[in-house]
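# sequence first, predicted coordinates after that:
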Amino acid sequence: MFVDEAKIFVKAGNGGNGCVAFRREKFVPRGGPSGGDGGNGGSIYLGANPNDNTLLRYRYNREFKAERGRHGEGSNCTGHSGADLILQVPVGTLVFDDQSGETIADLAAPGQRVLIAHGGRGGRGNQHFAKPWHQAPREHEEGFPGEERHLRLELKLLADVGLVGFPNAGKSTLISVISAARPKIASYPFTTLEPNLGVVNADGGTGAHGTDVGRTFVVADLPGLIEGAHQGAGLGIRFLRHVERTRLLVHLVDTSDANADDPIHSFEVISGELAAFSESLTLKPMIVVATKLDVTTDRARLEALRDFCGRQNLEFHSISAVIGEGVKHLVRSIADALDKIPRAAPDSPSEAPRRSSASDEDAPKLDSWPAPVKDS
């Protein structure tokens, strides 16, 4: 099951309480207070895992809590800190605060890790409150609560090329021919119900031990769009977000005799839906492809679409994925176009800097602790 949205609740671990204890031993003339500090609570991180491609694990399990810190003990023993919790998400996941709508992180690089909820700091034991005028303190600090947040996770697939077009335009057939992806293919609309990814080798060469060499890129077969998709019609509203990650759009238009729609009108409808969803999509480079050439006997509409693309300065190809006509030339043209489009620089895959959290801000400095809790 492909799940690209999820809402979860995360709660970092609370800090342990400080301890009230006194050291009294036979050969220790000066014992005094020996209460240890409480341990820090565990923090919660989100990590980008390249082996995941869906948020399904967060569909049914929505609450995640890190381990709390243990309380301090006598003999100046500090409590054990709680273990951190790392939640794995697919590469390309956006993280939002569900209450404020703030964008917290964009996990666009494999191995990237972001601190989401900071664990609470442990409280101080009574050993810290000993003074020359107060040598037997019975005060201690309670641990600070861990940070808690309601998060919304949104997955946007990472692909170089996005295949867009009306249902039954030939997108699934094309990706099954140029890659190892095997989407469901049928003659009825909305056969594809979830995006499919395929890796394409543009040059088709093999090196030693059978490994592929040459230019490769990732293609996403997105479910068919229809008019009104940006307003929720059909399936397009669920998957239009995945188009935003691509560097190049390949717009497939059915020009076969079986399709009664005007190809130019079909192209304009889909282009309008992309623009209505996000203005940034209109700035992406696009290649227009007329499909099903093997069942196109009347070439008038095909030539009209070719002339239209020429006036719009759009690269145009005509193919038949079933018999392979024009497919290799299209794949090489896509690779050539991608060579001219720079990749967006991803964030550093190392651990993100520590975020400011409520527990950090509320925790006082060592020289300005609040009134301690007296042990009754």
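Received the coordinates, thanks. Predicted model, so just to flag it, every value in this text is computed and none were measured.
# can you give me the neighbour number for residue 10?
By other Cβ atoms under 10 Å, 23 other residues sit near residue 10. Backbone N, C-alpha and C define where each C-beta goes, glycine included.
# for residue 62, see how far away it is.
10 Å (Cβ to Cβ, to the nearest Å).
# go on, residue 282?
Relative to residue 62, residue 282 is positioned 37 Å away (Cβ to Cβ).
# swap in residue 337?
Applying Cβ to Cβ, the value for residue 337 to residue 62 is 42 Å.
# the more surrounded of the two?
A count of neighbours by other Cβ under 10 Å puts residue 337 above the other of residue 337 and residue 62, at 19 against 13.
# where does the chain have its least confident helix or strand?
Among the helices and strands of the chain, helix 358-362 carries the lowest confidence by mean pLDDT, DSSP states H and E, at a mean of 43.
# let me see the domain layout of the protein.
5-155, 161-339 (automatic domain parsing).
# which of the ones you listed sits most buried?
By mean neighbour count, with neighbours taken as mean count of other Cβ atoms under 10 Å, domain 5-155 ranks first of those at a mean of 19.
# contacting residues around residue 252?
With contact set as Cβ atoms under 8 Å, 6 or more residues apart in numbering, residue 252 has these partners: 163-165, 169-171, 174, 289, 291.
# for residue 321, what are its contacts?
For residue 321, counting by Cβ under 8 Å, 6+ apart, the contacting residues are 170, 173-174, 176-177, 291, 327.
# least confident of those?
Lowest in pLDDT among those is residue 170, which has 83.
# for residue 199, see how far away that one is.
Noted for residue 170: a distance of 20 Å to residue 199, by Cβ to Cβ.
# what does residue 9 give?
36 Å.
# again with residue 59
27 Å.
# ditto for residue 114
In this view, residue 114 and residue 199 are 27 Å apart by Cβ to Cβ.
# repeat that for residue 39.
From residue 39 over to residue 199 (counting by Cβ to Cβ), the distance is 46 Å.
# please apply the same query to residue 122.
Plainly put, residue 122 is 48 Å away from residue 199 if you go by Cβ to Cβ.
# cool, residue 251 as well?
With distances taken as Cβ to Cβ, residue 251 is found 21 Å from residue 199.
# go on, residue 6?
Per Cβ to Cβ, residue 6 is found 26 Å from residue 199.
# go on, residue 70?
48 Å.
# same check on residue 60?
Distance from residue 60 to residue 199, counting by Cβ to Cβ: 30 Å.
# residue 308 too?
Counting by Cβ to Cβ, the gap between residue 308 and residue 199 amounts to 32 Å.
# ok, now residue 240?
With Cβ to Cβ as the criterion, residue 240 and residue 199 are 23 Å apart.
# in this structure, where is pLDDT below threshold?
Residues of the chain meeting the criterion pLDDT under 70: 1-2, 183-194, 204-214, 224-239, 344-376.
# what about whichever helix in it runs longest, distance to the chain center?
Ranked by number of residues, the top helix in the chain under DSSP state H is helix 263-277. Taking Cα atoms, centre = their mean, to the nearest Å, the mean C-alpha location of helix 263-277 is offset from the chain mean by 27 Å.
# who does that helix touch, helix- and strand-wise?
Counting contacts by 3 or more Cβ pairs under 8 Å, 6 or more residues apart in numbering; DSSP states H and E, helix 263-277 packs against strand 248-254, helix 300-311.
# please redo it, this time with the cut-off set to 10 Å
When contacts are defined as 3 or more Cβ pairs under 10 Å, 6 or more residues apart in numbering; DSSP states H and E, helix 263-277 sits against strand 161-164, helix 236-239, strand 248-254, strand 286-291, helix 300-311.
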